[in-house]
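*Asks:* Predicted coordinates and the sequence they were generated for:
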Amino acid sequence: MAKIGYIKVLIIDNHPLFIMGLSSLLENNSKFNIIGTTENYSDALKIAEKEKPTLVLTEIRLGKENGLEFIQKLKSINPETAILIISILDERFYSERILKLGAKGYILKTESADIIMEAINTVLDNKVYLSENERERIFHSAAENNGKDLNGDWTTSMQTLSNRELQIISLIAKGFGTTEIAAMLKLSAKTIDTHKEHIKSKLHCNTAHELRQQAIEWANHSGNL
């Protein structure tokens, strides 16, 4: 049961040891009250609807589950909840997306406990938290690529993909074909093929082989393999 006046925290991650470590870190500060921990987004949404957490700390990808869709659903349930992504995945490919969806920050799990606490306190102050390198990258990307051809920078081109297209390219990188992806996402094979054509166009790929190679390269860089 949540304590009145405390910051109610929900933690979501598929590594129990990480949940234990993060819980221990927060429990050292009397202002936090952990109202739930879970390893999947479905249970997280049920907890969030019932407990109305002040703060949600979550990984951006849990197996086949899509963290971007989770953020959208969570914000529709609890618009005031502050969301901080704590992930092993490269922030370059997700930071702008999660901010647009309503999350307040992104930090890597490899950061020190002090830095993670700094990120937590920043988003609780209703401010955005990103690493200094990521803030600079976004600033320079906006300044240098606004209205320009993105062909020379595939990392920037990746930012043009929709959330669904990003989900599909991550599955392509894992070796899944059209039929398998369609079944996983509960879409038609024709719809997946249409998405693939849009992705090829945005990433300047001429063939399905080029698309797969680009997908694998992105996955290796971002930690999605």
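*Replies:* Nice, I can see it. Residues are numbered from 1 along each chain as shown.
*Asks:* List the contacts of the most centrally placed residue in the chain.
*Replies:* When CA atoms, centre = their mean is applied to the chain, the residue found nearest the centroid is Ile60 (3.4 Å). Shown in contact with Ile60 (CB atoms under 8 Å, 6 or more residues apart in numbering): Gly67, Leu68, Ile85, Ser87, Leu89, Tyr94, Ile98, Tyr106. Any C-beta I mention is one placed from the backbone N, CA and C, and that applies to glycine too.
*Asks:* Apart from its neighbours in sequence, what residue is nearest the second one?
*Replies:* In this case it means Leu68. Asn163 (4.6 Å; CB to CB, 6 or more residues apart in numbering).
*Asks:* ditto for the third one
*Replies:* Closest residue to Ile85 in three dimensions, ignoring its sequence neighbours and counting by CB to CB, 6+ apart: Tyr106, at 4.5 Å.
*Asks:* Now do the contacts for the one you found.
*Replies:* Tyr106 touches Ile60, Leu84, Ile85, Ser87, Glu91, Tyr94, Ser95, Ile98, Tyr129, Leu130, Glu134, counting by CB under 8 Å, 6+ apart.
*Asks:* Likewise for Asp13?
*Replies:* Ile19, Leu22, Thr37, Glu39, Thr58, Glu59, Leu62, Ile86.
*Asks:* a strand runs through the residue nearest to Ile85, doesn't it?
*Replies:* Yes. The assignment for Tyr106 by DSSP: H, G, I helix; E, B strand; the rest coil puts it in a strand.
*Asks:* How are the strands of the protein distributed by residue range?
*Replies:* Ranges of strands in the chain, per DSSP state E, are 7-12, 32-38, 55-58, 61-62, 65-66, 82-87, 105-108.
*Asks:* so Phe32 makes contact with Ile7?
*Replies:* Yes. The pair Phe32 and Ile7 passes the contact test of CB atoms under 8 Å, sitting 5.2 Å apart.
*Asks:* mind listing what the residue nearest to Glu49 when sequence neighbours are not counted touches?
*Replies:* Nearest residue to Glu49, sequence neighbours excluded (CB to CB, 6+ apart): Ile77, at 5.3 Å. Neighbour list for Ile77: Leu45, Ala48, Glu49 [criterion: CB under 8 Å, 6+ apart].
*Asks:* Fine, thanks again, bye for now.
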